[in-house]
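In: Can you look at this prediction? I've put the sequence above it.
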Amino acid sequence: MSDETLEGADAPDHPPAWWRGDFVHGFVRSPVAIVSATIVAMLLLLAILAPFVAPYDVRDPAKANVVDARLPPSSTGMFGDQYSLGTDPQGRDMLSAMIYGLRTSLLVGLGAIGLAAACGIALGLAGGYFGGTIDAVIMRAADVQSSFPAILIALLIDGVTRTLMDRATHEALAVPILIAAIAASFWVQYARVVRGLVLVERGREYVLAARVTGVRTVTILFRHILPNVLGPVLVIATINVALAILTEATLSFLGVGIPPTQPSLGSLVRIGNEFLFSGDWWISLMPGGLLVVLSLGVNLFGDWLRDALNPRLAS
Amino acid sequence: MGFMIGRLGQTLIVLLVAALVSFMLFRYVGDPVNNMVGQAASLADREAMRTQLGLNDPVAVQFARFVGDVLRGDLGMSYRFGQPVSDLLLQRLPATLELSLLSILLAAGLGVPLGVWTALHPRSRSAKLLMLASLAGVALPTFLIGIVLILVFSVWLGWLPSFGRGEVVSFGAWTTGLLTASGLKALVLPSVTLGLFQMTLIMRLVRAEMQEVLRSDFIRFARARGLKRATVNYDHGLRNTLVPVITIVGLQFGNVFAFSVIVETVFQWPGLGLLVIQAIQFADVPLLAAYIVLVALCFAIINLVVDILYAVIDPRVGAAQLARGGPA
Amino acid sequence: MTTPLLQVENLRVEIATRHRDLVAIDDLSLSIGEGEVLGVVGESGAGKSITGNAILGLLEWPARKTGGRILLEGRRIDDLDEEEMRRLRGRQIGAVFQDPLASLDPLMTIGYQLVQTITTHLDISRDEARERAARLLAEVGIPAPRERLDSYPHELSGGMRQRIVLALAFCCEPRVVIADEPTTALDVSVQAQVIDLLKRMCRERGTAVMLVTHDMGVIAEAADRVAVMYAGRVVETGPTMDVLRAPLHPYSRGLMASIPSMRRAARDRTRADLPMIPGAMPRLDALPRGCAFHPRCPVAIARCARERPPFVPAGPSGGACWLVADGASGEVTAHA
């Protein structure tokens, strides 16, 4: 037999190290991926470092100078404060408000999807693995809920909790409630995908072997099945994060999300909405612009990720 | 037949669950008695009021009464507006319906042809441009689109109004803005805002479905039989694409319902969406409870209609359902 | 020797990828005569279906024909424009594909699809077309043909659907039919019936058939001649019986040996092991130098790794192997 080095026919079966693999190769070659990932990374960094980066701490409403209200970008306030992007009707610095608002958006967006994924995965694992009534109930609930759009579900949940507790409690718990409300509208996708995968994996030999040798159910689920499931979940999650961020912004814009005392991109837009006709465009448009950049970045990266992971999913 | 009964049963269950949630809200949140007699009433008076209102009856009875009331159209009194809820809902319904219908027409009317076109010419420059533009529809939040449109067309250009419905004409219970110039002008920006997101969604959907269909074997076989290109693409391709698309567009109608809340807020459009926002802000429980039931009803009806439509259009589905229900 | 009905000469098909163009079909030549069934056999990915698509003019981006000629009844058809090619398809060249359920439009009745095809190519009225369709259904063995015209594809069994596909392929009396894995998706019990039907129909009409399959049993049943494909090339052709009994090319030999044969097992007193050819067919982007088969070949010599053997005719047969070209009969023992 020939002893030439051949690619392909006689190559060993081990895949190359992950940093040399197709995935990273595709990433480095795709301008879309690099740009969107960079944008998202930068915004994430900005949000995390908010207290250090923002020129003013806008979380405390008492610190704002009402006399400096509605100043255009690049102004100086009554007391010599620099406002590079102007101020809102309460005298808060726009730049700082936007940075903190970004932080809220990312917190709620990532938190909600994290929660949705966790619950969805758990329910999907349970339904797929145990089958029977548990599965039937979960899937019925999923069917019923999936016909309602996310916004509506989040809106109604938030609305109902608002009527159930008094104002002060609700304001204090606003962020967790919002995270829970948005998560409630997203869990279905994860549950369905995971359940499907579990049904497939359940019949595989390694699972049967594990069961026969008496490995505990929980171990089987987490050690064996879960890793196989994470790929598709990651793809769905990335695409959902953008939607969750927009949902939070929308709810805040409508006045039923983050309370107006805490910074949020959506509520900034709402506040600015009233002043459009007076020409104070920056209060609405700048947070809006930031929101768009964030959403586009996450969307593009999610799309690229889905396409990049797809052929591997197929195998 | 078995299929129909099954679906109806499912619908009923959804409605009952919604009614239950609504009832829970209505009954246990806040104190209806307090709202009616005020602070100074004595304990005895309160008790008497409770019995009179039927609040001391078993829960199941109260629920049954609630359902009965709902079926009769009695949805209680709004705390905030002081009017019967059913009146309020009926008053606002035409505005929302008109807006929703118009935007769906816009979305489908543009979305389907564009989707077909980009599927048939995937590598053309315009197709790539359209797909890029459609990204905007997905990534831009609806409220922002509305605000930008207001900024451009109302504030800067002054062509179109930025709030309200303009002049409306009444036909009995129905009011329409389609018959007046100001009404029509007022409809433009809100329906475009509402329809834009739907349109990009539909366009992407049609494109994806059609590409999938065009890859299938029966298309290849149709081409191998030498059928004309138009026949292959439209007679075989489009028809097969539209079957799932129609059902999804139908479900989109429900989406429009939800997004109308946003658009009505941006444009101060006096519809159901604006009503529910006000209900939430003022903790107007009867209104909120009624809205939940209404929403559930609408979605249930839409889903049912879509399922029936699907069974009618696709001979495979119809046959499968018939087989399940019994010999034809 | 009359002009063959279908001739493919030096066909070359390339597939464009992001990095470079891959060669899917390389210098492929074959011909089919009137009423003859040519079996084209090989593993998945050998290029059998691409050849069929090229002949039909259905190559789609990123695949495209970059060389060679295709002739139908002596006239070139590979350089026709789309509209002329469309008129040929269905009328002069028919096709049968693998999955009969997927081949039929699920939303239309059988009758509609038959009539549509007939009226596209033949200038007859719809009623006449319907008559013709009913007669075709009867010919392919569909019971109650007139009623069946109003049935939908999903209402019929797999065997019946493939018969209808055959009816659709033959409805305008084509000269050539490309049958791409026509029995692979069918139950074993139905396969034989469909093959018999195919044989009967093309014998009665004198149609040339290119029968693409990976199933040697089907070849043995139906093919008059065989072309064995490997990695985009024809490595051997010849009359079916000759290739089955005395294959020239080492790959063909491996294929024939892998057919279960009770007679041979009894003769060799071996267990019923199926000898497999070790390794796998190379991917298009990793084709070996020299002969594409040499890494898996049990009798490869040094020359096989350096130069690609040309196809050498040997009477009615021929093979692309240095051992064939050199006149050796394949008994040379392997050496590294």
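Out: That came in fine, so what should we check first?
In: just checking, A:Cys119 touches A:Ser185?
Out: No - the criterion here is CB atoms under 8 Å, and A:Cys119 misses it with A:Ser185 at 11.5 Å. C-betas here are computed from N, CA, C, even on glycine.
In: out of these two, which sits in the busier spot?
Out: Taking other CB atoms under 10 Å in any protein chain shown, A:Cys119 and A:Ser185 do not tie; A:Ser185 has more neighbours (25 against 18).
In: what ranges do the helices span in the stretch 51-200 of chain C?
Out: Secondary structure of the stretch 51-200 of chain C (DSSP state H, counting those that start in this stretch): helices located at C:82-88, C:100-103, C:110-121, C:126-139, C:145-148, C:158-170, C:188-205.
In: Make TSV from those and add mean pLDDT and distance to chain A to it.
Out: Listed next are these as TSV, based on pLDDT from 0 to 100; distance: least, CB to the nearest CB, whole Å:
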stretch	mean pLDDT	distance to chain A
helix C:82-88	88	31
helix C:100-103	84	19
helix C:110-121	90	31
helix C:126-139	90	39
helix C:145-148	88	37
helix C:158-170	89	25
helix C:188-205	88	25
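In: can I get these in JSON lines with distance to B:Leu88?
Out: JSON lines is the format used below for the helices of the stretch 51-200 of chain C (distance: least, CB to CB, whole Å):
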{"stretch": "helix C:82-88", "distance to B:Leu88": "62"}
{"stretch": "helix C:100-103", "distance to B:Leu88": "54"}
{"stretch": "helix C:110-121", "distance to B:Leu88": "53"}
{"stretch": "helix C:126-139", "distance to B:Leu88": "59"}
{"stretch": "helix C:145-148", "distance to B:Leu88": "59"}
{"stretch": "helix C:158-170", "distance to B:Leu88": "58"}
{"stretch": "helix C:188-205", "distance to B:Leu88": "66"}
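In: what about the closest residue in space to A:Val235 that isn't next to it in sequence, which helix or strand?
Out: The shortest distance from A:Val235 to any non-neighbouring residue, by CB to CB, 6 or more residues apart in numbering or on different chains, is to A:Arg306 (4.6 Å). Under the criterion of DSSP states H and E, A:Arg306 resides in helix A:282-314.
In: Repeat that for B:Leu130.
Out: Using DSSP H and E, B:Leu130 sits in helix B:125-139.
In: And the helices in chain B?
Out: B:2-28, B:32-37, B:43-52, B:59-72, B:85-120, B:125-139, B:142-149, B:181-214, B:217-224, B:229-230, B:239-267, B:272-281, B:285-313, B:315-325 (DSSP state H).
In: The ones you listed: which one's closest to chain C?
Out: Within the helices of chain B, the stretch nearest chain C is helix B:217-224; the backing value is 3.7 Å (CB to the nearest CB).
In: buried ones in the closest one?
Out: Applying a neighbour-count criterion of 16 or more other CB atoms under 10 Å in any protein chain shown, one finds B:Asp217, B:Phe218, B:Ile219, B:Arg220, B:Phe221, B:Ala222, B:Arg223, B:Ala224 buried in helix B:217-224.
In: Report the separation between the fourth one and B:Glu212.
Out: Summarising the geometry, the distance separating B:Arg220 from B:Glu212, computed by CB to CB, to the nearest Å, is 13 Å.
In: Pick out the residue closest to the middle of chain A.
Out: Closest residue to the average C-alpha location of chain A: A:Val241 at 2.5 Å, with CA atoms, centre = their mean.
In: Show me how far the longest helix along chain A is from its chain's centre.
Out: If you go by DSSP H, chain A has its longest helix at helix A:94-130. Chain-centre distance of helix A:94-130: 5 Å, with CA atoms, centre = their mean, to the nearest Å.
In: could you dump the helix or strand just after it to PDB, C-alpha only?
Out: Following helix A:94-130 in sequence order, the next helix or strand is helix A:132-146 (DSSP H and E). The C-alpha trace of helix A:132-146 is given here as PDB (Å, rounded to 0.1, in the frame of the first residue of the first chain):
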ATOM      1  CA  GLY A 132     -46.700   9.900  30.600                       C
ATOM      2  CA  THR A 133     -48.900  12.400  32.400                       C
ATOM      3  CA  ILE A 134     -46.000  14.800  33.300                       C
ATOM      4  CA  ASP A 135     -45.100  15.100  29.700                       C
ATOM      5  CA  ALA A 136     -48.700  15.500  28.600                       C
ATOM      6  CA  VAL A 137     -49.400  18.300  31.100                       C
ATOM      7  CA  ILE A 138     -46.200  20.200  30.300                       C
ATOM      8  CA  MET A 139     -46.800  20.000  26.600                       C
ATOM      9  CA  ARG A 140     -50.400  21.000  26.900                       C
ATOM     10  CA  ALA A 141     -49.400  24.100  28.900                       C
ATOM     11  CA  ALA A 142     -46.700  24.800  26.300                       C
ATOM     12  CA  ASP A 143     -49.100  24.600  23.400                       C
ATOM     13  CA  VAL A 144     -51.600  26.900  25.100                       C
ATOM     14  CA  GLN A 145     -49.000  29.400  26.000                       C
ATOM     15  CA  SER A 146     -47.100  29.500  22.800                       C
END
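In: who are the neighbours of helix A:132-146, in terms of helices and strands?
Out: The helices and strands touching helix A:132-146, judged by 3 or more CB pairs under 8 Å, 6 or more residues apart in numbering or on different chains; DSSP states H and E, are helix A:94-130, helix A:187-202.
In: Run the angle between that helix and helix B:285-313 for me.
Out: Put simply, helix A:132-146 runs at 100 degrees to helix B:285-313, going by axes from the mean of the first three to the mean of the last three CA atoms, to 10 degrees.
In: So C:Glu38: helix, strand or coil?
Out: Wrong residue type there; residue C:38 is Leu, not Glu. strand (DSSP: H, G, I helix; E, B strand; the rest coil).
In: Now it: closest residue in space, sequence neighbours ignored.
Out: C:Ile32 (4.6 Å).
In: wait, what's in contact with that neighbour?
Out: C:Pro4, C:Leu5, C:Leu6, C:Leu38, C:Val176, C:Ala208, C:Val209, C:Met210 (CB atoms under 8 Å, 6 or more residues apart in numbering or on different chains).
In: confidence score at it?
Out: For C:Ile32, the model assigns a pLDDT of 90.
In: just B:Ala323 next, same as before
Out: The model reports B:Ala323 with a pLDDT of 45.
In: got it, and A:Val24?
Out: 67.
In: who in chain B is up against chain C?
Out: On the criterion CB under 8 Å from any CB of the partner chain, chain C has as its neighbours in chain B the residues B:123, B:216-218, B:220-229, B:231, B:235-236, B:239-240, B:243, B:314-316, B:319.
In: Put the buried members of these into a PyMOL selection.
Out: In PyMOL, a selection of the buried entries from those looks like this (16+ other CB under 10 Å):
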select buried, chain B and resi 216+217+218+220+221+222+223+224+225+226+227+228+231+235+236+240+243+314+315
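In: No further questions, thank you.
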